[in-house]
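In: this one's sequence-less:
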C-alpha cells in the first residue's frame, strides 16, 4: 500500500478529492503551503490526522472561498476557511492569519503521505505549533497534540528547543515523565 493509498483509506477519502482541491489552488494561482500535523509528518515519522492545515496568500481568500463554495461545504471564519466534502472525513483548514503568511516565503516541496506538496519550513511549522499550543481558547485535546508535534520536531532538530518560550518549555520538559530503573516510564 502506498502512502497516498494509506492516507486516503484512513481519512475515508474517495480518490480525487485531495488532487481536485490542490488542482483548484493551482488553477486559481493561489500560493499555499501545508502547515499543522501533516507538515510535521513531512519532517518526522507520520501520525494520522483528519486535518489538512494550509496557509494561503490572504489576498486570494475571498476569491478562493467563492470558488470552493461551488464544489464543497465551506465555513468561513475571520482568519480561516474550513472545507468539507462528502467524499472524505478530511477537514481542510485554510489559514489566512497575518502571522502565518510568512510560512509561504520558505516553503519547499516535500512528500506528505504520498502527495508532493509545498510544505512550510520546519522552523515555520515549529513556530505555528507554538502559536497553536499557546492559544488560550484552544481545546485541551488539540493543545496536547500540539505539544506532541512540538516534541516530534525537536526530536529531529534538537536546536528548535531553544526557540520555545520559557513557560512552554517548562510544561514540556519540567513535568515530563521520568524513566524508572526498569526502563519504563513513571508519572
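Out: Yep, it's here. Please read these numbers as outputs of a predicted model, since none were measured by experiment.
In: how many residues are close by the nearest residue to residue 73 once chain neighbours are set aside?
Out: Distance criterion CB to CB, 6 or more residues apart in numbering; nearest residue to residue 73, sequence neighbours excluded, is residue 84 at 4.3 Å. For glycine as for every other residue, the C-beta is placed from the backbone atoms N, C-alpha and C. If you count neighbours by other CB atoms under 10 Å, residue 84 ends up with 14.
In: and if you look at the one 10 residues further on?
Out: For residue 94, the neighbour count with other CB under 10 Å is 26.
In: in a helix, it, correct?
Out: No: the assignment for residue 94 (DSSP: H, G, I helix; E, B strand; the rest coil) gives strand, which keeps it out of a helix.
In: ok, it to residue 27 distance?
Out: 16 Å (CB to CB, to the nearest Å).
In: can you name the residues that contact the residue minimising distance to the centre of the chain?
Out: Centroid-nearest residue in the chain: residue 36, 1.5 Å away (criterion: CA atoms, centre = their mean). For residue 36, the contact set (CB atoms under 8 Å, 6 or more residues apart in numbering) comprises 49, 51, 52, 53, 93, 125, 128, 132.
In: quick check: neighbours of the host helix or strand of the fourth one in the sheet, parallel or antiparallel?
Out: Spelled out, that is residue 53. Counting by DSSP states H and E, the element that carries residue 53 is strand 51-56. Taking DSSP bridges as the criterion, strand 51-56 sits next to strand 32-35 (antiparallel), strand 91-95 (parallel) in its sheet.
In: which one of these is the most hemmed in?
Out: Compared across the strands paired with strand 51-56, strand 32-35 shows the largest average neighbour count, a mean of 24 (mean count of other CB atoms under 10 Å).
In: list the contacts of that one.
Out: By CB under 8 Å, 6+ apart, strand 32-35 touches 25, 39, 42, 52-57, 94-95, 100, 103-104, 107, 112, 117-120, 124-125, 128.
In: buried among the residues you listed? Need that as a selection in ChimeraX.
Out: In ChimeraX syntax, the buried subset of the contacts of strand 32-35 is picked out as below (16 or more other CB atoms under 10 Å):
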select :25,39,42,52,53,54,55,56,94,95,100,103,104,107,112,117,118,119,120,124,125,128
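In: related to what we said a few turns ago, and the residue nearest to residue 73, what does it touch?
Out: Neighbours of residue 84 in contact, by CB under 8 Å, 6+ apart: 72, 73, 74, 75, 91, 92.
In: lovely, talk soon.
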